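S.K.: here is the input, now give the coordinates:
(4 chains)
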2 protein chains.
Amino acid sequence: MVFAGQGDARRSMSLLWRTEQPAQRRRGPGPGPRPGLSADAIVTAAIAVADEDGMAALSMRAVGERLGRTAMALYTYVPSKSELLDLMYDAVHAELPTRYAGIDNWRTGLTDWAHDTLAFLLRHPWVLQVSQARPVLGPHEYAGLDTLVRLLNGTGLDASLRRRLVGTLTHFVRGCAGTVAEARQAAAVTGESDEEWWFARSALLGEVAPDFADRYPSLSAMESEGTPQQPPSAPGEEAMPYLEREARETFAVGLDVMLDGIDAAIRRMGTP
Amino acid sequence: MVFAGQGDARRSMSLLWRTEQPAQRRRGPGPGPRPGLSADAIVTAAIAVADEDGMAALSMRAVGERLGRTAMALYTYVPSKSELLDLMYDAVHAELPTRYAGIDNWRTGLTDWAHDTLAFLLRHPWVLQVSQARPVLGPHEYAGLDTLVRLLNGTGLDASLRRRLVGTLTHFVRGCAGTVAEARQAAAVTGESDEEWWFARSALLGEVAPDFADRYPSLSAMESEGTPQQPPSAPGEEAMPYLEREARETFAVGLDVMLDGIDAAIRRMGTP
DNA sequence: CGAAGTTACTTTATGACGTAAGGAGTCGCA
DNA sequence: TGCGACTCCTTACGTCATAAAGTAACTTCG
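M.R.: Residues are numbered from 1 along each chain as shown, chains lettered A, B, ... in the order given. The predicted structure is shown next:
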């Protein structure tokens, strides 16, 4: 987990909400030899690094290199790596859709929201590694939050209950996204596909725990019963990796279960 | 996020499942001057470091220091930090309860499980920062998984559905635990309480976004409506920090919503 | 025109990290 | 007494964020 927002709070909020004093610039002197960087350019480059190579690869050197500068050049525009992370975090949240057609139907609205949010998190998996407590409090994150609340308003539930549902739904989507993201990263880092990994590991597991079925009877029973034979993927379409397919199944099923639970709360409200 | 299990898979599984060759030891020589370390002692010390000071403070140097050795001394017993993490991860999972009284009542069983798991994760918050994809596959983690599956068996649902519920419930509990854990860590690192933090931040927010209520109408309405006046905590009992209280509310409400969703699935099964 | 001031950027340095390499000390057994 | 096995230490390398100080280019002023 990477902690953002460690720097000067006022400076950080200024940068996030773009309330920097516009004057003062070009007051006397002029720029140096180069075309000149900007905080925006740095944030864009940093997002590209994180998207492509993951949070672990996000170093000031890497961002600087992408811009043809040294790491230290960035500190002219960005106070620290922590603040840069804040800016990156809020910048990508601008991608979240804010308009949903069926506001009258809370269920389809929330389903769409969940799918969009999952897709967003898979485009920018490093977002999951930014601490959630003490949130960044940027304008785009708030916009995303406002959208979710608006969709929840359609349920007609109490404000106090809606408040909790925001966290519940977010936890779930983030959890699913995390599983997929980590599986992808593991595959990228090790160069070993999910299938290869699982094949090797289950062989070792058989060596090392020959009594597996006796030690974990419920788990074993469920696995042998509940694992469907997967159909071979249609020719021409890329087979989805094992762990990712599992995670997406969990997402679909779990989302329906949660929405059923919300539905139950709505019904209960009608007939107390 | 910290990735474990990067080392030699066979060695790692051997260590996890304690299938090291027992011979070979003390074959010819004797130990050096010191009483002698062991993998177990190192794992215990490493868990203590991570529990007390967080994952960021878990360095080989720090663990060695706690044992009165240098960082390099650990490498005699543990192949790498990654493997040490595997061992730590599985070792703490031994704390998870495996017996639950009311197996006949799936709802109370799952509720107890969720509370126990939350408490476990809050005792060892660094567990949340170990990657979930490509799991560690140790005996104690499997025991915890088997327990959850056993409780889910009480629902009578299909194996394929139960499979997905494992992930759904886990994501939710982990998400709640993560919020609390991160809030605690932020408070510990910055020395600033949730209340102080929020007070300072909301003042800045008012400066920087005076039109907040207009920009985020749904969110603002929900906040002003759904935030209860919190009663002053009884004298003598420690007031729970703001963010932690919020997270625990989300946990309680969200868990009930999820269990209602499971209940709906059970009813649907009865009357197709 | 030249000096001074301002900014953009680089170089260098510090103390952290994981861990490779190469000892040094101690013991059992020959 | 010497050898091999074993534990543990010192040193070293390349990485990280970032503090401090230096350099180069430009604008403005004298």
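S.K.: got any ranges where the stretch 51-200 of chain A has weak pLDDT?
M.R.: A:102-103, A:133 (pLDDT under 70).
S.K.: ok, 80 please
M.R.: Low-confidence regions of the stretch 51-200 of chain A, defined here as pLDDT under 80, cover residues A:101-104, A:131-135, A:190.
S.K.: so which residues on it come close to DNA strand D?
M.R.: Taking Cβ under 7 Å from any atom of the strand as the test, the list of the stretch 51-200 of chain A residues beside DNA strand D reads A:Leu58, A:Ser59, A:Met60, A:Arg61, A:Ala62, A:Ala71, A:Met72, A:Tyr75, A:Ser80, A:Lys81, A:Ser82. In short, each C-beta sits where N, CA and C put it, glycine included.
S.K.: correct me if wrong: the fourth one contacts A:Ala71.
M.R.: Yes: applying Cβ atoms under 8 Å as the test, A:Arg61 and A:Ala71 come out as touching, 4.4 Å apart.
S.K.: start to end distance for stretch A:98-113?
M.R.: One end of stretch A:98-113 to the other measures 9 Å (Cα to Cα, to the nearest Å).
S.K.: helix or strand: which one has whichever residue of the stretch 151-272 of chain A sits closest to DNA strand D?
M.R.: Of all residues in the stretch 151-272 of chain A, A:Val189 sits closest to DNA strand D, with a separation of 15.1 Å (Cβ to the nearest atom of the strand). Following DSSP states H and E, one finds A:Val189 within helix A:159-190.
S.K.: that helix and DNA strand C in contact?
M.R.: No: using Cβ under 7 Å from any atom of the strand, helix A:159-190 stays clear of DNA strand C, with a minimum separation of 13.5 Å.
S.K.: how far out from the middle of the chain is that helix?
M.R.: When C-alpha coordinates are averaged (Cα atoms, centre = their mean, to the nearest Å), helix A:159-190 and its chain have centres 7 Å apart.
S.K.: elements contacting that helix?
M.R.: Judged by 3 or more Cβ pairs under 8 Å, 6 or more residues apart in numbering or on different chains; DSSP states H and E, helix A:159-190 is in contact with helix A:106-123, helix A:139-153, helix A:194-208, helix A:242-270, helix B:159-190, helix B:217-226, helix B:242-270.
S.K.: break chain A into its domains for me.
M.R.: As assigned by automatic domain parsing, chain A contains the domains A:9-19+A:35-93, A:106-223+A:241-270.
S.K.: mind putting those domains into CSV with distance to B:Ala114?
M.R.: Conversion of these to CSV gives the following (distance: least, Cβ to Cβ, whole Å):
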stretch, distance to B:Ala114
domain A:9-19+A:35-93, 29
domain A:106-223+A:241-270, 12
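S.K.: could you export the ones you listed as JSON lines, including mean neighbour count?
M.R.: Output for these, formatted as JSON lines (neighbours: other Cβ atoms under 10 Å in any protein chain shown):
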{"stretch": "domain A:9-19+A:35-93", "mean neighbour count": "18"}
{"stretch": "domain A:106-223+A:241-270", "mean neighbour count": "19"}
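S.K.: nearest approach to B:Gly270 belongs to which of the ones you listed?
M.R.: domain A:106-223+A:241-270 (14.5 Å; Cβ to Cβ).
S.K.: next one: the closest one to chain centre, how far?
M.R.: The chain centroid and the centroid of domain A:106-223+A:241-270 are separated by 10 Å under Cα atoms, centre = their mean.
S.K.: same check on stretch A:214-228?
M.R.: On the basis of Cα atoms, centre = their mean, the separation between the geometric centre of stretch A:214-228 and that of its chain is 31 Å.
S.K.: could you export that stretch as PDB, CA atoms only?
M.R.: What follows is stretch A:214-228, C-alpha atoms only, in PDB (Å, rounded to 0.1, in the frame of the first residue of the first chain):
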ATOM      1  CA  ASP A 214      -8.800 -35.400   4.200                       C
ATOM      2  CA  ARG A 215      -7.500 -32.200   5.800                       C
ATOM      3  CA  TYR A 216      -9.800 -29.900   3.900                       C
ATOM      4  CA  PRO A 217     -12.900 -31.900   3.100                       C
ATOM      5  CA  SER A 218     -15.300 -29.100   2.600                       C
ATOM      6  CA  LEU A 219     -13.000 -27.200   0.300                       C
ATOM      7  CA  SER A 220     -12.100 -30.300  -1.700                       C
ATOM      8  CA  ALA A 221     -15.700 -31.300  -2.100                       C
ATOM      9  CA  MET A 222     -16.700 -27.900  -3.300                       C
ATOM     10  CA  GLU A 223     -13.800 -27.800  -5.800                       C
ATOM     11  CA  SER A 224     -14.500 -31.200  -7.300                       C
ATOM     12  CA  GLU A 225     -18.200 -30.400  -7.500                       C
ATOM     13  CA  GLY A 226     -18.300 -26.800  -8.400                       C
ATOM     14  CA  THR A 227     -15.500 -26.400 -11.000                       C
ATOM     15  CA  PRO A 228     -17.200 -26.600 -14.400                       C
END
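S.K.: and the contacts of that stretch?
M.R.: A:209, A:212-213, B:139, B:142-143, B:145-147, B:149-150, B:153, B:158-160, B:162-163 (Cβ atoms under 8 Å, 6 or more residues apart in numbering or on different chains).
S.K.: kindly recompute the last result at 10 Å.
M.R.: When contacts are defined by Cβ atoms under 10 Å, 6 or more residues apart in numbering or on different chains, stretch A:214-228 is touched by residues A:209, A:212-213, A:246, A:249, B:139, B:142-153, B:158-164, B:166.
S.K.: what's near enough to touch the residue nearest the centre of chain A?
M.R.: The residue lying closest to the centre of chain A (Cα atoms, centre = their mean) is A:Leu121, at 3.2 Å. Contact partners of A:Leu121, counting by Cβ under 10 Å, 6+ apart, are A:Val92, A:Val127, A:Leu128, A:Val173, A:Arg174, A:Cys176, A:Ala177, A:Gly178, A:Val180, A:Ala181.
S.K.: mind running it again at 8 Å?
M.R.: Going by Cβ under 8 Å, 6+ apart, A:Leu121 touches A:Val127, A:Leu128, A:Val173, A:Arg174, A:Ala177, A:Ala181.
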